[in-house]
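K.L.:
What follows is a predicted structure for the sequence shown.
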Amino acid sequence: MIKYQKSVIVTKEEIETAVNGLAKQLNDKYKGKEVIAIGLLKGAFVFMADVIRQLDIDVQVEFLIVKSYKNGRTNGKPQIVLDLKKGITEKNIVIFEDIIDTGRTLAAVKEYLKYKGAKDVEIAALLTKPSRREVVVDIDYSLFTIPNEIVVGYGLDYNEYGRQFSNIIALNDAGIEELKE
Ligand code: 5GP
Ligand code: MG
């Protein structure tokens, strides 16, 4: 039992099945085309690593760091703190995001990539919390809809706690309090 675990929200088996399904969809959709997979660090690194290893299309990998969170709360203004290494003019992009909460991060990133000249920008989200949405985002691939809990595991953290867990778990109140920065 993990110390700060309240409940298991998504098991590693459920993740594996959903990741396989997503890879298959991407292989079908982008057959014969080039794609740039852009992972939003740090939270999406495990998710993206698992998906891309099942792609048989021509894929390149980039990362963005967008910051807006502290203690599980958004300050509402996402900022890009690590930028792309290469141009993306006329490229097909798939953004990999760990969780879509208010939607502000994704809305800002999508606008930024369009501004940089991307041809097409799709969004693959591991998790979504629709009850928290503040701006409309068009999610092309959404693997799991979850309740309004603070979740960690499979790459997601709460103040750097929990990224290594293979299940996605909800934090209990003690964890939320004791791990606060
Ligand atoms: P949004 O801009 O949609 O509100 O925020 C999305 C970002 O918030 C995600 O990339 C993620 O880093 C963070 N986030 C939102 N809810 C959670 C949560 O329950 N757990 C974790 N670990 N991160 C969250
Ligand atoms: Mg994130």
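P.N.:
Everything's here; your move. Numbering: from 1, shown residues only. Ligands and ions are numbered 1, 2, ... in the order given.

K.L.:
Strands of the protein, start to end?
P.N.:
Secondary structure of the chain (DSSP state E): strands at 5-10, 34-41, 58-70, 73-82, 92-100, 120-128, 141-145, 151-152, 168-171.

K.L.:
Need the winner for burial among these.
P.N.:
Comparing those by mean neighbour count (mean count of other C-beta atoms under 10 Å), strand 151-152 ranks first with a mean of 29. Backbone N, C-alpha and C define where each C-beta goes, glycine included.

K.L.:
Report all helices and strands that that one contacts.
P.N.:
In terms of contacts (3 or more C-beta pairs under 8 Å, 6 or more residues apart in numbering; DSSP states H and E), strand 151-152 is packed against strand 168-171.

K.L.:
Can you list the strands that the strand it packs on pairs with?
P.N.:
Strand pairing for strand 168-171, using DSSP bridges, gives strand 5-10 (antiparallel), strand 151-152 (antiparallel).

K.L.:
CSV please, covering those and showing distance to V121.
P.N.:
CSV is the format used below for these (distance: least, C-beta to C-beta, whole Å):
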stretch, distance to V121
strand 5-10, 26
strand 151-152, 25
